[in-house]
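Peer 1: Next come a sequence and a model predicted from it.
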Amino acid sequence: MIKFEQVSKTYPGGQQALRQVSFHIPPGEMAFLTGHSGAGKSTLLKLISIMERPTVGRVLINGHDLGKIKNRQVPYIRRDIGMIFQSHQLLMDKTAFDNVALPLVIEGYSRRDITRKVHAALDLVGLADKINSLPITLSGGEQQRVGIARAIVNKPPILLADEPTGNLDPKLSMEIINLFEKLNQAGVSVLIATHDLGLIARMRYRTLTLRNGQMITDGLVEDWRGDS
Ligand code: ADP
Ligand code: ADP
């Protein structure tokens with residue numbers, strides 16, 4: 001489902017962000033991606049979401065070689081990928097409903113389908129009762145869950161999260177991770193970039209570790225001795 005083959009990425013300024021990175025995340029797997037700031041985590045996620053292109057090597061998503069797709073195919077491939085960010089990037093003057101509905105409105109779904117899907121997504125993240133709330137009236141954890149509802153409202157088979165718990169305390173962080181587990185159990189592939197090693201240690205998931213753009217470990221936390 002997500003496959004990197006000897007992928008290197010050098011930015012136009014000459015900064016080498018990834019060096020010969022290879023891994024495969026099969027459908028339905030949940031994994032963490034970690035490493036120090038500047039290690040290349042965001043770059044790796046941007047290659048999957050086609051916000052950046054590899055300099056060398058191949059990135060395959062659902063069998064599509066991202067180096068070979070045409071620009072006009074990009075939106076179709078991106079539709080399979082839900083993205084969650086540290087700052088949830090909600091529209092602050094719109095209700096939870098309108099924020100979650102946004103991707104569906106863009107895709108031209110009927111009002112009826114939008115209502116049904118937004119209810120289902122907010123239900124899934126435990127915010128059915130906040131559907132008409134403005135983000136400003138919600139807690140940090142609730143805002144993050146609205147962001148997650150928006151990312152999954154289309155039921156993408158792949159979910160990418162970039163420091164999704166960065167602004168949250170340990171208890172709320174666990175709630176968010178438990179939500180990812182729930183989605184994963186429903187069949188979604190989940191890749192979570194985080195430098196929260198405490199969080200990783202508490203979970204038993206495959207963990208990919210980057211250092212200076214190189215993949216230095218790939219395995220379960222119990223097999224893994226981090227360098228930080
Ligand atoms: P992380 O997410 O692990 O902090 P990044 O992928 O953001 O790491 O960055 C990896 C390296 O690539 C860093 O040295 C960073 O400065 C560099 N980098 C990231 N984005 C860009 C960019 N758009 N242009 C130039 N260099 C970049
Ligand atoms: P559909 O549009 O396929 O008929 P809905 O969007 O109405 O389905 O959602 C049906 C069920 O799937 C709901 O119970 C909802 O909680 C659950 N669901 C919604 N989004 C996701 C998702 N991304 N992954 C797994 N289950 C989801």
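Peer 2: Okay, I see it. Ligands and ions are numbered 1, 2, ... in the order given.
Peer 1: hey, which helix is longest across the protein?
Peer 2: For the chain, the helix that runs over the most residues, judged by DSSP state H, is helix 170-185.
Peer 1: Can you list the buried residues in that helix?
Peer 2: Within helix 170-185, the residues scored as buried using 16 or more other Cβ atoms under 10 Å are 172-173, 175-177, 179-180, 183-184. For glycine as for every other residue, the C-beta is placed from the backbone atoms N, C-alpha and C.
Peer 1: average pLDDT for it?
Peer 2: Across helix 170-185, pLDDT averages out at 91.
Peer 1: Just list what the helix or strand that it is followed by packs against, helices and strands only.
Peer 2: Where DSSP states H and E defines the elements, the next helix or strand beyond helix 170-185 is strand 189-193. When contacts are defined as 3 or more Cβ pairs under 8 Å, 6 or more residues apart in numbering; DSSP states H and E, strand 189-193 sits against strand 30-34, helix 41-48, strand 158-162, helix 170-185.
Peer 1: give me that answer again for 6 Å
Peer 2: Helices and strands in packing contact with strand 189-193 are listed as strand 30-34, strand 158-162; criterion 3 or more Cβ pairs under 6 Å, 6 or more residues apart in numbering; DSSP states H and E.
Peer 1: Whether it contacts ligand 1 - can you check?
Peer 2: No: using Cβ under 6 Å from any ligand atom, strand 189-193 stays clear of ligand 1, with a minimum separation of 6.7 Å.
Peer 1: chain center to that strand, what's the gap?
Peer 2: Remark: strand 189-193 is offset 5 Å from the chain centroid, using Cα atoms, centre = their mean, to the nearest Å.
Peer 1: give me every residue that touches the nearest residue to R19 once chain neighbours are set aside.
Peer 2: Using Cβ to Cβ, 6 or more residues apart in numbering and skipping the chain neighbours, the partner closest in space to R19 is G213 (4.4 Å). Applying Cβ atoms under 6 Å, 6 or more residues apart in numbering, we find G213 in contact with 16-19, 40.
Peer 1: Buried ones from those residues, can you make that a PyMOL selection?
Peer 2: What follows is the PyMOL syntax selecting those of the contacts of G213 that are buried according to 16+ other Cβ under 10 Å:
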select buried, resi 17+18+19+40
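Peer 1: Near ligand 1, list only the ones from the contacts of G213.
Peer 2: When those are filtered against ligand 1 using Cβ under 6 Å from any ligand atom, the residues retained are 17, 40.
Peer 1: returning to what we had before: could you list which of the buried residues of helix 170-185 also contact ligand 2?
Peer 2: Under the cut-off given by Cβ under 6 Å from any ligand atom, ligand 2 has L183 from the buried residues of helix 170-185 close to it.
Peer 1: For G219, I want the exact helix or strand it lies within.
Peer 2: G219 is part of strand 214-220 when elements are defined by DSSP H and E.
Peer 1: what's the closest of the helices and strands packed on strand 189-193 to K3?
Peer 2: With respect to K3, and counting by Cβ to Cβ, the nearest of the helices and strands packed on strand 189-193 is strand 158-162 at 11.9 Å.
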